[in-house]
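1. Quick one, structure for this:
(chains A and B, ligands or ions: 3)
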Amino acid sequence: MSNLGQAIHIKKEILIRIIKAFLSEDFEKQARLIPYVMRPKGMEVPYRCCVYKERAIIKDRTIAGLGFPIEEDDETVSLADYAREALEREEISDKNLTVLQAACKGCATNRIYVTDLCQGCVARPCVNSCKFGAISIVNGKSVIDDSKCKKCKMCVNACPYNAIVKVTVPCEDSCPVGAIKKDETGFASIDYEKCINCGKCTAACPFGAVHERSQIVDILKAMKSDKRVIALVAPSIVGQFPGTIYQLKTAMINSGFDDVFEVAQGADITANNEAKEFMERIEEGQDFMTTSCCAGYNQLIKKHLSEIQPFVSDTKTPMYYTAEIAKQHYPDAKIVFVSPCVAKRAEGFENENVDYVMNYEELGALFVAKKIQITELEETPFIVESSKQARIFGYSGGVAESVTMSLPDEELVKPCIINGLNKESIKTLKKYAATGKCEGGCNLVEVMCCEGGCIGGNATLNTQRIAKKAIDNLANNSQDIPKVE
Amino acid sequence: MEKISVKVCLGTTCFVMGGSNLQELNDIIPRKYGDKVEVMGSNCLGLCSINWEYSRAPYVKVDEEIVHEATVEKVLAVIDKKLGN
Ligand code: SF4
Ligand code: SF4
Ligand code: FES
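-> Ligands and ions are numbered 1, 2, ... in the order given. From the prediction side, this is the model:
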């Protein structure tokens, strides 16, 4: 969950208003009015210089909520036009993110900067520390030549007055693969060839500039059609809403879904298959295997880390198995995966059994728009109850635990956990791939793109601590996973 | 002295709009104020369904005072004011 309260609040409010607009008599008109209702004439302007600027920003955010890229907006197209286009479109895009570049103006470029604290001291440790000759003393103060500066931070560490600072761009800093860059024009943009859809930039930007391109209109359209719409809820959904998951199922049915499957059902299959595979691999003499259920990790392998492929489990993800089951039950239905993160949008796009992906924020917005109070509802059971271990897939360590508990001999496993992908942990994985060995004799590497696991996904609604408690509560009342032969 | 009562709305709207965070108050309030303040979760306080008021959720009620767009800090500030701290 992101801590950027205000920006997130506005994003959610916009989603609610888009849904309300869709459900109204006149979607196009109501969509066009969103910025005006949220920032009416005469309102005190909460964040920016004037009400017009605020409305322009809200319009941009609404464009993302309607599923379009903000970067391509030329300001002549009204939200009514976008709404109409959203209603007419048949396809969704595989580019899942879009940047509200107007926000980036307020964000300083990545550089090393000498502050007023510089005392112009005689020792000049900064000048001496710089290997690139980028620092000189002008009028008794130190000055950095940006064209020579390599941002190595030697001077930052050398200055006894802490007068030199590194100004970082939050999105760039958060990206594990260098896919988002604030360029010379001062605007951040995403290189989709590199982007692994980890969603870290969406959570990191203090202006909430990076948006997911929502498929909510497409989902609402499917609900309105004569097709059935089936939701698959990821294990990490437990604890993201008030009430029990059985009440949540009722709430989802009341808000327009025809049936709901727990993705933990597929997680049981993943864990069992992964356990079998693990035994085979170890028998064949391989030193370690990594899990394969995290969508962000799978994108990383595909785009940046192909050398680790031989060590990655061939087992499919919980989404894969659950979508297959859902499709068997309801061959003509539209299948919606309900996700904690943007990475599973990419996975859903590639999976032929999944039609749309909606995140927890969007599901929450749907409940608010439809005035659904979850705790007041009856419980609806799931046809298949998932195991204790499958239900903890959503937090870090859960997958390794499920694989371990699936094995006849639990002692076989020495698990270790990559708890979050970042530049460091990617280096570690590269090393494992190159040497064919892990540190400390570990033989099962669980890789989670988000710190904390799926409960740390960019679109979660609760703090990790409380979410984990709720998950454990449910898991402790569930049966153990069956062992494999 | 009467206890101050803090009601944290855990209805769907408030929860989704950021109220989930406010469950931290269950730990913070007893630690900070002992038994001078009583904190409890509450079903929908009925504020979110008035017009567009959901946009100001999450709500917390400190005695009769309504805190909108509530955060842990905001709520603590209201309690402090009431206690005359
Ligand atoms: S963090 Fe990145 S996306 Fe956000 S405002 Fe700064 S440059 Fe733009
Ligand atoms: S989603 Fe992740 S990989 Fe893509 S640009 Fe953002 S931080 Fe980088
Ligand atoms: S959910 Fe909090 S006031 Fe209704």
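
2. any idea how far the residue of chain B found nearest ligand 2 lies from ligand 3?
-> Nearest to ligand 2 in chain B, going by Cβ to the nearest ligand atom, is residue B:18, at a distance of 22.8 Å. To be clear about C-beta, it is placed using only N, CA and C from the backbone, and glycine gets the same treatment. Residue B:18 sits 11 Å away from ligand 3, going by Cβ to the nearest ligand atom, to the nearest Å.

3. State the pLDDT value of residue B:51.
-> Listed pLDDT for residue B:51 reads 65.

4. any idea which helix is longest in chain B?
-> Ranked by number of residues, the top helix in chain B under DSSP state H is helix B:72-83.

5. what sits against residue A:462?
-> For residue A:462, the contact set (Cβ atoms under 8 Å, 6 or more residues apart in numbering or on different chains) comprises A:1, A:239, A:240, A:455, A:470, B:20, B:21.

6. For the longest helix of chain B, name the packing helices and strands.
-> Counting by 3 or more Cβ pairs under 8 Å, 6 or more residues apart in numbering or on different chains; DSSP states H and E, the packing neighbours recorded for helix B:72-83 are strand B:4-9, helix B:25-33, strand B:60-62, strand B:65-67.

7. ok so, going back, which ones are touching the residue of chain B closest to ligand 2?
-> Residue B:18 neighbours (Cβ under 8 Å, 6+ apart): A:5, A:8, A:9, B:57, B:58, B:69, B:70, B:71.

8. Within reach of ligand 3, which of those are there?
-> The residues of these that also fall near ligand 3, by Cβ under 6 Å from any ligand atom, are residue B:57.

9. what's the most distant pair in the contacts of residue B:18?
-> The span of the contacts of residue B:18, defined through Cβ to Cβ, is set by A:8 and B:70 at 14.5 Å.

10. And these two? Which one has more around it.
-> Using other Cβ atoms under 10 Å in any protein chain shown, the more surrounded residue of residue A:8 and residue B:70 is residue B:70, with 26 against 20.

11. domains of chain A?
-> A:6-106+A:171-214, A:111-167, A:218-475 (automatic domain parsing).

12. just how off-centre is stretch A:190-201 within its chain?
-> Distance of stretch A:190-201 from its chain centroid, counting by Cα atoms, centre = their mean, to the nearest Å, is 10 Å.

13. What helix or strand is the residue nearest to residue A:175 when sequence neighbours are not counted located in?
-> Of all residues not flanking residue A:175 in the chain, residue A:201 sits nearest, at 5.6 Å (Cβ to Cβ, 6 or more residues apart in numbering or on different chains). Here residue A:201 sits within helix A:200-204, counting by DSSP states H and E.

14. which helices and strands sit right next to that helix?
-> helix A:170-174, strand A:210-212.

15. For these, which has the smallest mean pLDDT value?
-> The stretch with the lowest mean pLDDT among the helices and strands packed on helix A:200-204 is helix A:170-174, at a mean of 92.

16. does ligand 2 sit close to the very next helix or strand once past that one?
-> Of the helices and strands lying after helix A:170-174 in sequence (DSSP H and E), the nearest is strand A:180-182. Yes - legend: contact between strand A:180-182 and ligand 2 by Cβ under 6 Å from any ligand atom is shown at residue A:180.

17. hmm, who's touching stretch A:83-99?
-> Contacting residues not belonging to stretch A:83-99 are listed as A:21, A:27-28, A:31-32, A:63-64, A:66-71, A:180, A:187-190, A:192, A:195, A:197, A:201-202, A:209-213, A:215, A:217-218, A:221, A:342, A:345-346, A:349, A:356 [Cβ under 8 Å, 6+ apart].

18. Verify the contact between residue A:418 and residue A:448 for me.
-> Yes - with contact defined as Cβ atoms under 8 Å, residue A:418 and residue A:448 form a contacting pair (6.5 Å).

19. who are the neighbours in contact with residue A:335?
-> A:230, A:232, A:323, A:326, A:327, A:353, A:354, A:355, A:356.

20. May I have the residues that are in contact with the residue nearest to residue A:175?
-> A:97, A:171, A:174, A:175, A:180, A:190, A:210.

21. and what of residue A:103?
-> A:57, A:205, A:207, A:208, A:209.

22. Turn these into TSV, including neighbour count and distance to residue B:50.
-> Formatted as TSV, the contacts of residue A:103 follow (neighbours: other Cβ atoms under 10 Å in any protein chain shown; distance: Cβ to Cβ, whole Å):
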residue	neighbour count	distance to residue B:50
A:57	22	26
A:205	25	33
A:207	20	30
A:208	21	27
A:209	27	32
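
23. Quick one: these as CSV, columns for pLDDT and distance to residue A:283 too.
-> Listed next are the contacts of residue A:103 as CSV, based on pLDDT from 0 to 100; distance: Cβ to Cβ, whole Å:
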residue, pLDDT, distance to residue A:283
A:57, 93, 58
A:205, 92, 47
A:207, 89, 53
A:208, 92, 50
A:209, 94, 50
